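Asker: Structure here, sequence nowhere to be found:
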């Protein structure tokens, strides 16, 4: 993989190759454009359910050290159950459905 190649060789990767190999999601012409995009992304993340964001971040971090795929899936199942029993889950489902329709999922 590209990640393995970079780790084994110590080579640097430039923006265009990082984007084309999916190691980066976007490339920006300058620092200001990058900071503006980061602010927009952070704002978009905060528009969603804050607990969902927190649990997703936690799950990603814990999955890195998960002893197996099954353990990682079990963690995700746990997060889904916690979100399902916490607070007003019906409004979260409605909000997600509306966003899915808007983006034509």
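Answerer: Good, I have the coordinates. Keep in mind that what you see is a predicted model, and the values were worked out from it rather than measured.
Asker: just the helices in this structure please.
Answerer: Assigned by DSSP state H, the helices in the chain fall at 2-9, 15-20, 31-47, 50-64, 69-85, 89-102.
Asker: Distance of residue 73 relative to residue 62?
Answerer: Note on residue 73: its distance to residue 62, by CB to CB, to the nearest Å, is 12 Å. Every residue, glycine included, has its C-beta placed from N, CA and C.
Asker: Between those two, which has more neighbouring residues?
Answerer: residue 62 (15 against 12; other CB atoms under 10 Å).
Asker: any idea how far residue 71 is from the more buried one?
Answerer: 9 Å.
Asker: same question, residue 57
Answerer: Separation of residue 57 from residue 71 (CB to CB) stands at 18 Å.
Asker: swap in residue 63?
Answerer: 8 Å.
Asker: hey, which helix or strand in the chain has the poorest pLDDT?
Answerer: Here the helix or strand of the chain ranked lowest by mean pLDDT, DSSP states H and E is helix 89-102, holding a mean of 81.
Asker: May I see the buried residues of that one?
Answerer: residue 92 (16 or more other CB atoms under 10 Å).
Asker: residues in contact with that helix?
Answerer: 49, 52, 83 (CB atoms under 8 Å, 6 or more residues apart in numbering).
Asker: okay, and for the protein, where does confidence drop off?
Answerer: By pLDDT under 70, the low-scoring segments of the chain are 87, 105.
Asker: if you set the cut-off to 80 instead, what comes out?
Answerer: Along the chain, the model assigns pLDDT under 80 to residues 48-49, 86-92, 103-105.
Asker: thinking again about what came up before, roughly how far is the least confident helix or strand of the chain from the heart of the chain?
Answerer: 18 Å (CA atoms, centre = their mean, to the nearest Å).
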